[in-house]
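J.: Generate a structure from the sequence data that follows.
(2 chains)
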Amino acid sequence: MKTRQTPPPLFLCFFRWYCHPRLVDHIEGDLLEEYLKRIQKSGKRKANIHFIIDVILLFRPGIIRPFNQYKHTNPAAMYQSYFKIAWRNLVKNKGYSSINIVGLAIGMAVAMSIALWVWDEVSFDSYFTNRERLAQVMVSQTNEGVTYTHGTVQMPLGDALRNGYASDFNSVSLASGNNSFMLTHNETKLPANGMWVQHEFSSMFTLKMLSGNYAALNNPSTMLISSSLAKSLFGEDDALNKSIRIDTRFDLVVGGVYEDFPYNTTFQGVKMLLPWDNKENWLNRQTAWTNHCGQLFVLLNDAVDLQGASEKIKAVPTSHIDKWKEEVMLHPMSDLHLYNAFENGKASGGRIQFVWLFGVIGVFVLLLACINFMNLSTARSEKRAKEVGIRKTIGSIRNQIVTQFLSESIMLSTLSLVISLVLVELSLPYFNMIADKRIAVPWESTTFWLIIITFTLFTGLIAGSYPAFYLSAFKPVKILKGAFIAGRSAVLPRKVLVVVQFTVSLTLIIGTMIIFWQIQHARERSAGYNRDGLITVGMYSTELRKNVEVIKNELLQKGVIESMALSSQSPAHFSNNNGIEWRGKDPGLVVFFRNVGVTPDYGKTVGWKLIKGRDFSPDLPSDSSAIIVNKNAARIMGFEDPLGEVVTFRGKQFTVIGVTEDMITQSPYASSEPSFFITDDWMGFIVMRLSESVPTPDALDKVQKVFKKHDPASPFNFSFVNADYAKKYSTEERIGNLSALFAILAIFISCLGLFGLASFVAEQRTKEIGIRKVLGATVVSIWKMLSKEFVMLTFIACGIAIPISFILMDKWLVQYQYRITITWQLFAIAALGILMLTLITVSFQAIKAAWASPVKNLRSE
Amino acid sequence: MKKYQLGEFEEIVILTIGILYKEAYGVAIKSEIETRLSRNVSMGALHTALVRLEDKGYIKSSEGESTEDRMGRPRRYYQITALGKKAMEHSKETRNALWKAIPKVALDVKLVSS
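T.: Below is the predicted model of the structure:
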């Protein structure tokens, strides 16, 4: 009878669920009393129905509990308390807190710097309003199955596109390369870079004119200059209509001043735009289709498809050239910077790879830092299980504890954010220097703030979520009884995280080592000549040209130089490229030789090594038709003994008198290019070797005085061949430096995390260590016990990182013809290094724990 | 007027609480109204009215004993407060004033059946 007297349980539960807790007890009592009465009166079935109706009718405002039971309490005071407690915890565990905050701050700073760098790369050329419609015309030359794509085109192509495809192209402009000129205005002399451009250029690239207008380039005697150049030439004076003498040869009038091109544009450093139609521009007279000497930019009409237009113009030069197959294509301005490598006539990547590479590194470093942060926060929070127990007993509800832990970790991540912003601001000048950038923190950008604040909150929430939700779920009775033990399952994810960290760090270390090794390998490669004390001076003025012999004799007499010669190009870089003919040459073979004009003293001055034959002699007039080839050129010509063979160049015959060792004049990573030297050529450079017996600054000073004496009008501008040569390494060095930086930071962050974790483990096992010591364990055995686990983790990380880095770096090295082969020693060194680092990091804690007096340890509590 | 808000059902409930005096708890009030007024009172309506009266301060409640026929749930007894008494008086006076204001003729409608 009694068991049957309960009302429908479902509805009773429903009632208990919705009823206001203040009312639930006595209303339920009323309901039950009524129910029992009804059973007696009219039976269970009717009573049930009545009960259900009552419950449903009770479901009305006034009875239903409010959604938020505590809505009347003011949470501000509670938050204040959370922050106070959080702060006390921070201060109490200074070591952990600083490891945690600094680790995350460094990770954030690295990620932020990389993000700024990536953004700068991606937004390259976005200064140009028409970026999406602009394109550069690229030429693909195919010969013997090898396609070579570059941006240097033949001059007739400009008019061919302008006149033949007017419906596709809004405007077309030819342009020279970025050349150096010597400018003179009154007493001011300075070198500046500029380009010869057609008049459409200014409107295509929407120059921002500060004075004057675009039309200035229509006039062959007026030019446009950048505002910084105007400032350095004319100071505060108005630059407009002032005349500038260029290279001491001709004058141009300033027709307008434009805002300098920003650093992240293709035309960075172009300080002046010279009128294409001026007679000093030799490019405007080039009509041969085989002669590639300038650049060509086009602006597409609205709604013209770039690929379609590219297909259309593809075959324009093909019919004009019979020696090799040549096609052109449009390379969009938006890809110009990032996709600068070509394969089989198609853009195949280039700089974009670095954007990806560093992007991935940035994400990984940030990941490492976040992992640390979570790991340490979690490890620490387990220590606070008792606090949670007490809080719950006193009356905290679960939500409050969740809020407490979350607000605490958000506070930490916000602190890290502040530190990381300071770090980024302080390190940007250095970062800009090694990355060759002009990046600034976009303090005013709302997007920037939105992103970093979102990120900070996100990190804080993720890192705080484990302690917040895990610990708050515990029953206070259990925790306070001491039954709270972190199980094995809680340790495993942390171990996985440590392995991930070390895998990433190790991959970065190995990558960096290989990059540096490769650079070193190329550095040690013999240049084929002696660069020490070698300087070059450009012969820009007619005065200098006239007096060069006098200068030479005077310098030699004074003993400041060992020898001096003239050449058409600097020994650090040969740029001319031409075809030559020889006896028995395969008519189908198209090969370009670097042609260099030299005076007979050249070989002596640069110190090249002759393998065969003799050097030029100033005493033999017949040497004007003599030629010296390098080893590679001799190999290509295929003569057993090249001496005495006759070579035709520019329609003139030359006799081979000598063969030199290959000189590195191009990339030190590529195999040497065939080159030859003749005396019958136009000379543009003075090459001289400073005397070893005179200190370099003194020697330079004396050389300058002599130059000034004989050419007072021009400033003395020289460059060290060594410095020019070093530039060949700059790209690789930049990557090397950046990845070294990131690798070091990644390792640092990983070690911080490991240090924190090790100390946590040691602390957790304090009692165990104490008992072990009492039972006779030695310091060494305890150290071993504590370190073993971490060493194992490092081994696993090595096992993963070595194959990954091998595959990646092997791929990277393929692009260099002159390269190292990766050996196992390298991996061994890296693995050993990281193992040592792990041991040192862990041992610090392990030994500390092992040394501690067991009496103290066992007494705790 | 606004001072003493007392709805029709609320008035019935508070009057009943007065009638029951010391014995006024949920079920007792309910059955009292049901017998006296011969109308059905739902638990929902009654408790909503009680909550409202208590919020207004017209009645106060105290936890009572728990009995077996309530399966151990306590009773909650209600009592009229001074404010509640004033509200009841006010309500009654208004009614009386209104009654008095009705001219005798207006009620002389014996012949009309409803």
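
J.: Check which residues of stretch A:275-292 are buried.
T.: A:275, A:276, A:278, A:281, A:283, A:284, A:286, A:289, A:292 (16 or more other Cβ atoms under 10 Å in any protein chain shown). For glycine as for every other residue, the C-beta is placed from the backbone atoms N, C-alpha and C.

J.: what sits up against that stretch?
T.: Under the criterion Cβ atoms under 8 Å, 6 or more residues apart in numbering or on different chains, residues A:139, A:150, A:152-157, A:174, A:176, A:196-199, A:216-223, A:246, A:249-250, A:252, A:274, A:293-294, A:317, A:320-321, A:323 lie in contact with stretch A:275-292.

J.: I'd like to know which of those residues are part of strands.
T.: Counting by DSSP state E, those place A:139, A:150, A:153-154, A:174, A:196-197, A:222-223, A:246, A:250, A:252, A:274, A:293-294 in strands.

J.: Would you mark the buried spots in the helix or strand where residue A:87 lies?
T.: Assigned by DSSP states H and E, residue A:87 falls within helix A:76-92. Residues of helix A:76-92 classed as buried: A:82, A:85, A:86, A:89, A:90 (neighbour count, 16+ other Cβ under 10 Å).

J.: Nearest to chain B within chain A, name that residue for me.
T.: Ranked by Cβ to the nearest Cβ, the top residue of chain A for proximity to chain B is residue A:29, at 2.9 Å.

J.: Give me the three-state assignment for that residue.
T.: What DSSP: H, G, I helix; E, B strand; the rest coil gives for residue A:29 is helix.

J.: thought it was touching residue B:69?
T.: No. Contact criterion Cβ atoms under 8 Å: residue A:29 and residue B:69 do not qualify, at 9.3 Å.

J.: which of the two has more neighbours?
T.: Shown here are residue A:29 and residue B:69; by other Cβ atoms under 10 Å in any protein chain shown, residue A:29 has more neighbours (24 against 15).

J.: If you drop the residues flanking it in sequence, what lies closest to the more buried one?
T.: Nearest non-adjacent residue to residue A:29, counting by Cβ to Cβ, 6 or more residues apart in numbering or on different chains: residue B:73, 2.9 Å away.

J.: contacting residues for that neighbour?
T.: Residue B:73 touches A:25, A:26, A:28, A:29, A:32, B:66, counting by Cβ under 8 Å, 6+ apart.

J.: before we move on, what about residue A:699?
T.: A:560, A:561, A:690, A:691.

J.: Following the chain onward from the biggest helix by length in chain A, which element is next?
T.: Secondary structure of chain A per DSSP state H: the longest helix is helix A:398-435. Downstream of helix A:398-435, the first helix or strand assigned by DSSP H and E is helix A:446-466.

J.: Output the contacting helices and strands for that next one.
T.: helix A:94-122, helix A:351-382, helix A:398-435 (3 or more Cβ pairs under 8 Å, 6 or more residues apart in numbering or on different chains; DSSP states H and E).

J.: swap the cut-off to 6 Å and go again
T.: Counting contacts by 3 or more Cβ pairs under 6 Å, 6 or more residues apart in numbering or on different chains; DSSP states H and E, helix A:446-466 packs against helix A:351-382, helix A:398-435.

J.: which residues touch the helix or strand just after the first one?
T.: As assigned by DSSP H and E, the chain's next helix or strand after helix A:351-382 is helix A:385-394. Helix A:385-394 has contacts (Cβ atoms under 6 Å, 6 or more residues apart in numbering or on different chains) with A:401, A:471, A:476, A:479, A:480, A:484.

J.: how about the residues of chain B that lie near chain A?
T.: Residues of chain B lying near chain A by Cβ under 6 Å from any Cβ of the partner chain: B:26-27, B:42-44, B:47-48, B:51, B:69-71, B:73-74, B:76.

J.: give me that answer again for 8 Å
T.: Chain B comes close to chain A at residues B:25-27, B:30, B:42-45, B:47-48, B:51-52, B:63, B:66, B:69-71, B:73-76, as judged by Cβ under 8 Å from any Cβ of the partner chain.

J.: List only those of the residues you listed flagged as buried.
T.: Judged by 16+ other Cβ under 10 Å, buried ones among the residues of chain B next to chain A: B:25-27, B:30, B:42-45, B:47-48, B:51-52, B:70-71, B:73-76.

J.: Please flag which of those sit within strands.
T.: Under the assignment DSSP E, those contribute B:74, B:75, B:76 to strands.

J.: give the contact list for the last one.
T.: When the contact criterion is Cβ under 8 Å, 6+ apart, the partners of residue B:76 are A:25, A:26, A:29, B:25, B:26, B:61, B:62, B:63, B:64.

J.: Residue nearest the middle of chain B, spatially speaking?
T.: By Cα atoms, centre = their mean, the mean C-alpha position of chain B lies nearest to residue B:13, the distance being 2.0 Å.

J.: can you tell me which helix in chain B is longest?
T.: The single longest helix within chain B, with elements called by DSSP H, is helix B:82-101.

J.: which regions of the chain lie under the pLDDT threshold?
T.: With no chain named, the answer covers chain A. For chain A, the stretches with pLDDT under 70 are A:1-4, A:67-74, A:143-145, A:482-491, A:575-577, A:860-861.

J.: Switch to chain B, please.
T.: In chain B, residues with pLDDT under 70: B:1-2, B:109-114.

J.: neighbours around residue 59, how many?
T.: Going with chain A. Residues near residue A:59, counting by other Cβ under 10 Å, number 13.

J.: Let me rephrase: I mean chain B.
T.: 24.

J.: Show me what it bridges to in the sheet.
T.: Beta-bridge partners for residue B:59, by DSSP bridges, are residue B:80.

J.: And for the one 4 residues further on?
T.: Applying DSSP bridges to residue B:63 gives these bridge partners: residue B:76.

J.: That one touches residue B:74, doesn't it?
T.: Yes. In this structure residue B:63 lies within contact range of residue B:74 using Cβ under 8 Å: 5.3 Å.

J.: With residue A:40 as the reference, measure out to the residue in chain B that chain A sits nearest to.
T.: Here the residue of chain B nearest chain A is residue B:73; by Cβ to the nearest Cβ that distance is 2.9 Å. Residue B:73 is 18 Å from residue A:40, where distance means Cβ to Cβ, to the nearest Å.

J.: now do residue A:121
T.: Separation of residue A:121 from residue A:40 (Cβ to Cβ) stands at 86 Å.

J.: Would you mind telling me which of the two has more residues around it?
T.: Between residue A:121 and residue A:40, residue A:121 has the larger neighbour count (other Cβ under 10 Å), namely 19 against 9.

J.: my read: the more buried one touches residue A:351, true?
T.: Yes. Residue A:121 is within contact range of residue A:351, at 6.9 Å (criterion: Cβ under 8 Å).

J.: Could you pull out the residues contacting both of the two?
T.: A:337, A:338.

J.: thinking again about what came up before, of the helices and strands packed on helix A:446-466, which stretch is the most buried?
T.: helix A:351-382 (a mean of 21; mean count of other Cβ atoms under 10 Å in any protein chain shown).

J.: What parts of the stretch 601-750 of chain A come near chain B?
T.: Residues of the stretch 601-750 of chain A lying near chain B by Cβ under 8 Å from any Cβ: none.
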